[in-house]
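this is a predicted model, with the sequence first.
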Amino acid sequence: MTNLYRHFVICLLTGLVTILPVGGTIILIVFAERSLSPLVPAKFYFPGLGLLSVILLLYLLGATLTSVLGRWLWYWLDAALSRVPGVGAVYQTLKQILGFDDGAGSLFQGVVLVPDQGTGAAEIGLVTARERQGDTEQLIVFVPNSPNPAQGRLLHLPESCVIATEWSVDKALKRLFSLGKA
(Lines give C-alpha, C1' and ligand atoms only; values in the text may rest on other atoms or scores of the structure.)
Protein backbone atom coordinates (compact mmCIF):
# COMPACT_ATOMS: atom_id res chain seq x y z
CA MET A 1 0.00 0.00 0.00
CA THR A 2 2.87 2.38 0.71
CA ASN A 3 4.27 2.01 -2.82
CA LEU A 4 0.85 2.68 -4.31
CA TYR A 5 0.45 5.81 -2.16
CA ARG A 6 3.96 7.02 -3.03
CA HIS A 7 3.31 6.41 -6.75
CA PHE A 8 0.03 8.35 -6.50
CA VAL A 9 1.65 11.32 -4.75
CA ILE A 10 4.57 11.46 -7.20
CA CYS A 11 2.27 11.34 -10.23
CA LEU A 12 -0.06 13.92 -8.70
CA LEU A 13 2.77 16.36 -7.97
CA THR A 14 4.32 15.76 -11.41
CA GLY A 15 1.01 16.56 -13.07
CA LEU A 16 0.51 19.64 -10.91
CA VAL A 17 3.96 21.07 -11.57
CA THR A 18 3.64 20.35 -15.28
CA ILE A 19 0.20 21.88 -15.75
CA LEU A 20 0.46 24.81 -13.34
CA PRO A 21 2.22 27.34 -15.61
CA VAL A 22 0.39 26.36 -18.80
CA GLY A 23 -3.00 25.69 -17.23
CA GLY A 24 -2.86 28.79 -15.08
CA THR A 25 -2.08 30.96 -18.09
CA ILE A 26 -4.90 29.45 -20.15
CA ILE A 27 -7.41 29.80 -17.30
CA LEU A 28 -6.34 33.41 -16.72
CA ILE A 29 -6.76 34.31 -20.41
CA VAL A 30 -10.16 32.56 -20.72
CA PHE A 31 -11.34 34.19 -17.49
CA ALA A 32 -10.25 37.63 -18.68
CA GLU A 33 -11.87 37.11 -22.08
CA ARG A 34 -15.20 36.01 -20.56
CA SER A 35 -15.17 38.71 -17.90
CA LEU A 36 -14.36 41.53 -20.31
CA SER A 37 -16.67 40.65 -23.21
CA PRO A 38 -19.91 41.72 -21.43
CA LEU A 39 -18.30 44.87 -20.00
CA VAL A 40 -16.87 46.23 -23.24
CA PRO A 41 -19.29 47.71 -25.81
CA ALA A 42 -19.54 45.53 -28.91
CA LYS A 43 -18.00 48.16 -31.19
CA PHE A 44 -14.79 48.19 -29.04
CA TYR A 45 -14.57 44.45 -28.35
CA PHE A 46 -12.35 42.22 -30.49
CA PRO A 47 -11.18 38.62 -30.07
CA GLY A 48 -7.93 38.61 -28.14
CA LEU A 49 -8.86 41.50 -25.87
CA GLY A 50 -8.55 39.05 -22.95
CA LEU A 51 -4.98 38.15 -23.93
CA LEU A 52 -3.99 41.80 -24.22
CA SER A 53 -5.66 42.51 -20.88
CA VAL A 54 -3.75 39.67 -19.19
CA ILE A 55 -0.46 40.99 -20.60
CA LEU A 56 -1.28 44.49 -19.39
CA LEU A 57 -2.39 43.27 -15.94
CA LEU A 58 0.74 41.12 -15.54
CA TYR A 59 2.91 44.09 -16.49
CA LEU A 60 1.10 46.31 -13.97
CA LEU A 61 1.43 43.62 -11.29
CA GLY A 62 5.16 43.32 -11.99
CA ALA A 63 5.59 47.10 -11.91
CA THR A 64 3.71 47.28 -8.62
CA LEU A 65 5.68 44.43 -7.01
CA THR A 66 9.00 46.03 -7.88
CA SER A 67 8.08 49.14 -5.89
CA VAL A 68 8.63 49.44 -2.14
CA LEU A 69 4.90 49.63 -1.44
CA GLY A 70 4.23 46.64 -3.70
CA ARG A 71 6.84 44.50 -1.94
CA TRP A 72 5.35 45.43 1.42
CA LEU A 73 1.82 44.53 0.21
CA TRP A 74 3.08 41.22 -1.22
CA TYR A 75 4.81 40.40 2.08
CA TRP A 76 1.55 41.12 3.94
CA LEU A 77 -0.54 39.03 1.50
CA ASP A 78 1.97 36.16 1.64
CA ALA A 79 1.86 36.13 5.45
CA ALA A 80 -1.95 36.30 5.47
CA LEU A 81 -2.36 33.44 2.97
CA SER A 82 0.08 31.29 4.92
CA ARG A 83 -2.07 31.59 8.07
CA VAL A 84 -5.43 30.59 6.54
CA PRO A 85 -6.32 27.04 7.65
CA GLY A 86 -6.27 24.59 4.74
CA VAL A 87 -5.40 27.22 2.14
CA GLY A 88 -2.13 28.03 3.93
CA ALA A 89 -0.87 24.44 3.61
CA VAL A 90 -1.65 24.31 -0.12
CA TYR A 91 -0.12 27.76 -0.64
CA GLN A 92 3.10 26.83 1.21
CA THR A 93 3.37 23.54 -0.70
CA LEU A 94 3.03 25.31 -4.06
CA LYS A 95 5.64 27.87 -3.01
CA GLN A 96 8.04 25.04 -2.12
CA ILE A 97 7.42 23.13 -5.34
CA LEU A 98 7.87 26.23 -7.47
CA GLY A 99 11.02 27.24 -5.60
CA PHE A 100 9.75 30.47 -4.06
CA ASP A 101 10.00 29.39 -0.44
CA ASP A 102 13.21 29.89 1.47
CA GLY A 103 14.43 29.11 4.93
CA ALA A 104 14.54 25.92 6.96
CA GLY A 105 11.25 24.53 5.63
CA SER A 106 12.02 24.96 1.95
CA LEU A 107 12.11 21.99 -0.37
CA PHE A 108 15.32 23.11 -2.09
CA GLN A 109 18.24 24.54 -0.11
CA GLY A 110 20.30 25.85 -2.99
CA VAL A 111 21.43 25.52 -6.59
CA VAL A 112 24.62 23.82 -7.78
CA LEU A 113 26.09 22.78 -11.10
CA VAL A 114 26.78 19.07 -11.49
CA PRO A 115 29.61 18.37 -13.97
CA ASP A 116 29.02 15.62 -16.54
CA GLN A 117 32.09 13.39 -16.54
CA GLY A 118 31.67 12.41 -20.19
CA THR A 119 31.21 15.78 -21.87
CA GLY A 120 32.55 18.25 -19.33
CA ALA A 121 29.25 20.15 -19.46
CA ALA A 122 27.39 21.04 -16.27
CA GLU A 123 23.76 20.43 -15.33
CA ILE A 124 21.64 22.45 -12.93
CA GLY A 125 21.11 20.64 -9.63
CA LEU A 126 18.85 21.55 -6.72
CA VAL A 127 20.19 20.65 -3.27
CA THR A 128 17.50 18.93 -1.20
CA ALA A 129 19.57 17.90 1.83
CA ARG A 130 23.06 17.84 3.35
CA GLU A 131 24.55 14.91 5.23
CA ARG A 132 27.80 14.34 7.05
CA GLN A 133 29.56 11.08 6.14
CA GLY A 134 32.84 10.79 7.93
CA ASP A 135 35.01 13.75 7.00
CA THR A 136 33.06 14.80 3.93
CA GLU A 137 29.88 16.76 3.46
CA GLN A 138 27.49 14.86 1.17
CA LEU A 139 24.74 16.58 -0.81
CA ILE A 140 21.47 15.10 -2.00
CA VAL A 141 21.02 16.81 -5.36
CA PHE A 142 17.96 16.63 -7.58
CA VAL A 143 18.93 17.11 -11.24
CA PRO A 144 15.67 18.00 -13.03
CA ASN A 145 14.85 17.44 -16.66
CA SER A 146 14.01 20.40 -18.85
CA PRO A 147 11.36 21.66 -19.67
CA ASN A 148 9.57 19.38 -17.15
CA PRO A 149 11.49 19.86 -13.90
CA ALA A 150 9.13 17.53 -12.03
CA GLN A 151 11.10 14.61 -13.47
CA GLY A 152 14.79 14.00 -13.11
CA ARG A 153 17.26 12.02 -11.03
CA LEU A 154 18.44 12.17 -7.44
CA LEU A 155 22.19 12.07 -6.82
CA HIS A 156 24.18 11.60 -3.62
CA LEU A 157 27.43 13.51 -4.16
CA PRO A 158 30.36 14.79 -2.13
CA GLU A 159 30.23 18.58 -1.91
CA SER A 160 33.61 18.75 -3.64
CA CYS A 161 32.08 17.24 -6.81
CA VAL A 162 29.65 20.10 -7.46
CA ILE A 163 30.10 23.74 -8.40
CA ALA A 164 28.37 26.18 -6.04
CA THR A 165 26.28 28.98 -7.57
CA GLU A 166 24.73 32.18 -6.28
CA TRP A 167 21.47 31.46 -8.13
CA SER A 168 18.18 31.48 -6.29
CA VAL A 169 16.01 28.39 -6.66
CA ASP A 170 13.30 30.29 -8.52
CA LYS A 171 15.89 31.61 -11.00
CA ALA A 172 17.11 28.05 -11.66
CA LEU A 173 13.54 26.81 -12.15
CA LYS A 174 12.82 29.68 -14.55
CA ARG A 175 15.89 28.65 -16.54
CA LEU A 176 14.65 25.08 -16.68
CA PHE A 177 11.09 26.01 -17.71
CA SER A 178 12.23 28.48 -20.36
CA LEU A 179 14.94 26.17 -21.75
CA GLY A 180 17.68 28.53 -20.59
CA LYS A 181 16.21 31.83 -21.78
CA ALA A 182 15.36 33.32 -18.38
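Nice, I can see it. Numbers count the residues shown, from 1 in each chain.

count of neighbours near Glu131?
Applying other Cβ atoms under 10 Å, we find 10 residues neighbouring Glu131. Glycine gets a C-beta too; all of them are placed from N, C-alpha and C.

where is the longest strand in this structure?
Looking across the chain with DSSP state E, the single longest strand is strand 122-133.

for Gln109, see how far away Gly23 is.
Look at Gly23 and Gln109: by Cβ to Cβ, to the nearest Å, they are 28 Å apart.

pick out whichever of the two has more residues nearby.
The neighbour comparison of Gly23 against Gln109 (other Cβ under 10 Å) goes to Gln109, with 17 against 12.

what pLDDT does the model give the closest residue to the more buried one other than its chain neighbours?
Spatial nearest neighbour of Gln109, chain neighbours left out: Val127 (4.6 Å); criterion: Cβ to Cβ, 6 or more residues apart in numbering. The score at Val127 is 87. That number is its pLDDT.

and the top helix by length along the chain, what does it pack onto?
Longest helix in the chain, counting residues (DSSP state H): helix 2-36. If contacts are counted by 3 or more Cβ pairs under 8 Å, 6 or more residues apart in numbering; DSSP states H and E, helix 2-36 sits against helix 49-65, helix 87-98.

among those, which one carries the weakest average confidence?
Of all the helices and strands packed on helix 2-36, helix 87-98 has the smallest average pLDDT, which comes to a mean of 70.

next structured bit after that one?
Once the chain leaves helix 87-98, the next helix or strand it forms, by DSSP states H and E, is strand 110-115.
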